[in-house]
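A.B. asks: following is a predicted model, sequence given first.
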Amino acid sequence: MVSATRWLVMIMRSLLARIMAFSFLSTVAMVSALALIVNYQVSASFSNYIYMYHGSGMHGMMRGGDMAAMMGGDMMAAMMGRPEIEFLASFRQSLTLVAIFMTVAGAAVSYYLARSISTPVLNLNKAVNAVTKGDLDITVSDSRKDEIGQLAKSFNSMAASLKSSNVLRQRFLAGVAHELRTPLAILKANLEGIADGVVIPDAAQVGSLTEEIDRLTKIVEDLRDLSLLEAGQLRLEFSSVAVNDVLADVVNRIKPLADGKSIHLALALPDKQAVAWADPTRFCQIVYNLVVNAIKYTPVDGTITLSATAEGDKAVVSVADTGVGIPPENLPFIFDYFYRVDSSRSKHSGGSGLGLAIVRQLVNAQRGTIKVNSVVGQGSSFSFSLPVKPS
Ligand SMILES: Nc1ncnc2c1ncn2[C@@H]1O[C@H](COP(=O)(O)OP(=O)(O)O)[C@@H](O)[C@H]1O
Ligand SMILES: [Mg+2]
């Protein structure tokens, strides 16, 4: 008895069994109630009929219905002829058959209903388990137009976004490994050469090794900034930033680099300068990264123009160059980690492909936006906007 109860409890834990049992029991209850009512009504009408035709002499004062209700089954039976008895029996037989048919149909409908709800739920459960085990390629059918279809669609888009972030993570790790490998290999080869006495550690040699270490340090610092930015944990000190002053300052600091390539740095600033609400150091870092890129990707004798405008409640800064430009098919990716349009050329110029990723994260962290326009062979223009100081 105990094990039968436990068995029943276990079965009833299943959604399929519960929906089926609930729906089936409702059908049985409805059919039984219907059969009882019909049986009662027909019996009552039939009793009236018998009474009116066979027993009208008795209790002449009572109405047929009351009489029928008062008559016992035996009395009724005694009054009925063979045709009446046969009619009543065949009616009850038909009623029983209809009730059985409706119960079977109810069971079939209950099963269908329960399956149509529980099967997609079970499929979703299987898919969730597969995702937990790391299979991110799995999808479930989302062709239904109801709530279960919506749930399936949400699941599919969640699996797709998990997959894309997984791909990004793998690409990121591969990028880190790739970027660290080269300077480390150079350092190792040189140190081995010095140890073997093949390389003499003169000032130039030490200088170039220090450069490699600087490169490594820069990558590690950039990665640290990026991870803090992604986690929303980079501390930003917001204050008023006089945009014209910052641009003039960056131009002064970077002029020697531009002069080395005979690149002309131009400033196009409004008389009334915009005042952005940002972290001054990070604001400088954004402009600096953009200008360094512009110098890197602009041939000798080119021009780089830094401009600033106030547009509504935004301060907009642009860095435009007359450089090599970026092909349209590469434009969507230039803000990705370690992405370089021409890796051999960028490598030569010392970039790791993290500069623009940092720029975008810094702009976003300061509630701004960044966009780029570029034409191959003519130049590129990066412009970002940040909120102005709230009044
Ligand atoms: N001003 C520019 N002109 C042309 N190409 C650019 C410019 N700025 C960035 N790029 C392209 O975008 C890529 C990503 O830039 P960035 O993230 O700063 O990496 P890098 O370390 O190579 O400078 C660069 O490798 C380069 O191909
Ligand atoms: Mg760069």
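C.D. replies: Nice, I can see it. Ligands and ions are numbered 1, 2, ... in the order given.
A.B. asks: could you use CA atoms for every contact and neighbour count after this?
C.D. replies: Noted.
A.B. asks: got the residues of the stretch 101-250 of the chain near ligand 1?
C.D. replies: By CA under 6 Å from any ligand atom, no part of the stretch 101-250 of the chain sits against ligand 1.
A.B. asks: nope, the stretch 251-391 of the chain is what I was after
C.D. replies: By the rule CA under 6 Å from any ligand atom, the part of the stretch 251-391 of the chain lying against ligand 1 is 293-294, 297, 323-326, 334, 339-342, 346, 351-357, 380.
A.B. asks: sort out for me which of the residues you listed are in helices.
C.D. replies: 293-294, 346, 355-357 (DSSP state H).
A.B. asks: just the closest residue of the stretch 151-300 of the chain to ligand 1, please.
C.D. replies: In the stretch 151-300 of the chain, the residue that lies nearest ligand 1 is residue 294 (3.8 Å; CA to the nearest ligand atom).
A.B. asks: how much space separates that residue from residue 103?
C.D. replies: Separation of residue 294 from residue 103 (CA to CA, to the nearest Å): 80 Å.
A.B. asks: isn't residue 102 up against residue 31?
C.D. replies: Yes - applying CA atoms under 8 Å, one finds residue 102 in contact with residue 31, separated by 6.9 Å.
A.B. asks: check residue 226 and give its pLDDT.
C.D. replies: On pLDDT, residue 226 comes in at 92.
A.B. asks: and it, how far from residue 14?
C.D. replies: From residue 226 to residue 14 the distance is 48 Å (CA to CA).
A.B. asks: cool, residue 351 as well?
C.D. replies: Between residue 351 and residue 14 the computed distance is 59 Å (CA to CA).
A.B. asks: compare those two (neighbour count), which wins?
C.D. replies: Between residue 351 and residue 14, counted using other CA atoms under 10 Å, the more crowded position is residue 351 (19 against 12).
A.B. asks: and the helix or strand harbouring residue 88, how far out from the chain's middle?
C.D. replies: Using DSSP states H and E, the element containing residue 88 is helix 82-132. Centre-to-centre, helix 82-132 and its host chain are 40 Å apart (CA atoms, centre = their mean, to the nearest Å).
A.B. asks: please apply the same query to stretch 203-211.
C.D. replies: 48 Å.
A.B. asks: can you count the residues close to the residue of the stretch 151-300 of the chain closest to ligand 1?
C.D. replies: For residue 294, the neighbour count with other CA under 10 Å is 28.
A.B. asks: what do you get for residue 301?
C.D. replies: Using other CA under 10 Å, residue 301 has 14 other residues around it.
A.B. asks: mind checking how far residue 333 is from residue 354?
C.D. replies: To residue 354, residue 333 is 12 Å away according to CA to CA.
A.B. asks: more neighbours: these two, which one.
C.D. replies: residue 354 (20 against 14).
A.B. asks: and that one, what pLDDT?
C.D. replies: 92.
A.B. asks: list phi and psi for it.
C.D. replies: phi -100, psi -20 (degrees, to the nearest 10).
A.B. asks: before we move on, what about residue 317?
C.D. replies: Here is the backbone geometry of residue 317 (degrees, to the nearest 10): phi -120, psi 130.
A.B. asks: what parts of this protein come near ligand 2?
C.D. replies: The chain comes close to ligand 2 at residues 293, 355, as judged by CA under 5 Å from the ion.
A.B. asks: what residues of the helix or strand hosting residue 371 count as buried?
C.D. replies: Per DSSP H and E, residue 371 falls inside strand 369-375. For strand 369-375, burial by neighbour count (16 or more other CA atoms under 10 Å) applies to 369-370, 372, 374.
A.B. asks: and stretch 304-319, by the same measure?
C.D. replies: Under 16+ other CA under 10 Å, the buried positions of stretch 304-319 are 304-310, 314-319.
A.B. asks: okay if I get the residues you listed as a markdown table plus pLDDT and secondary structure?
C.D. replies: Formatted as a markdown table, the buried residues of stretch 304-319 follow (pLDDT from 0 to 100; DSSP: H, G, I helix; E, B strand; the rest coil):
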| residue | pLDDT | secondary structure |
| --- | --- | --- |
| 304 | 97 | strand |
| 305 | 97 | strand |
| 306 | 97 | strand |
| 307 | 96 | strand |
| 308 | 96 | strand |
| 309 | 94 | strand |
| 310 | 90 | strand |
| 314 | 95 | strand |
| 315 | 95 | strand |
| 316 | 96 | strand |
| 317 | 97 | strand |
| 318 | 97 | strand |
| 319 | 98 | strand |
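A.B. asks: can you map out the helices along the stretch 151-300 of the chain?
C.D. replies: 203-230, 243-260, 280-296 (DSSP state H, counting those that start in this stretch).
A.B. asks: the spatially closest residue to residue 95 that is not a sequence neighbour and residue 41, how far apart?
C.D. replies: Computed as CA to CA, 6 or more residues apart in numbering, the closest residue to residue 95 that is not its neighbour in sequence is residue 35, at 6.8 Å. Using CA to CA, we find residue 35 at a distance of 10 Å from residue 41.
A.B. asks: and residue 297, by the same measure?
C.D. replies: Distance, residue 297 to residue 41, using CA to CA: 95 Å.
A.B. asks: nearest to ligand 2: which residue in this structure?
C.D. replies: Proximity of the chain to ligand 2 (CA to the ion) peaks at residue 355, 4.2 Å away.
A.B. asks: contacts only, for that residue.
C.D. replies: Residues in contact with residue 355 (CA atoms under 8 Å, 6 or more residues apart in numbering) are 222, 289.
A.B. asks: re earlier: which residues are in contact with each of residue 333 and residue 354?
C.D. replies: Contacts common to residue 333 and residue 354, judged by CA under 8 Å, 6+ apart, are residue 339.
A.B. asks: and this structure, what are its domains?
C.D. replies: Structural domains annotated on the chain: 2-55+62-135, 148-230, 239-387, as defined by automatic domain parsing.
A.B. asks: in stretch 40-54, which residues are buried?
C.D. replies: Under the neighbour-count criterion of 16+ other CA under 10 Å, stretch 40-54 has 43-44, 46-48, 50-52 buried.
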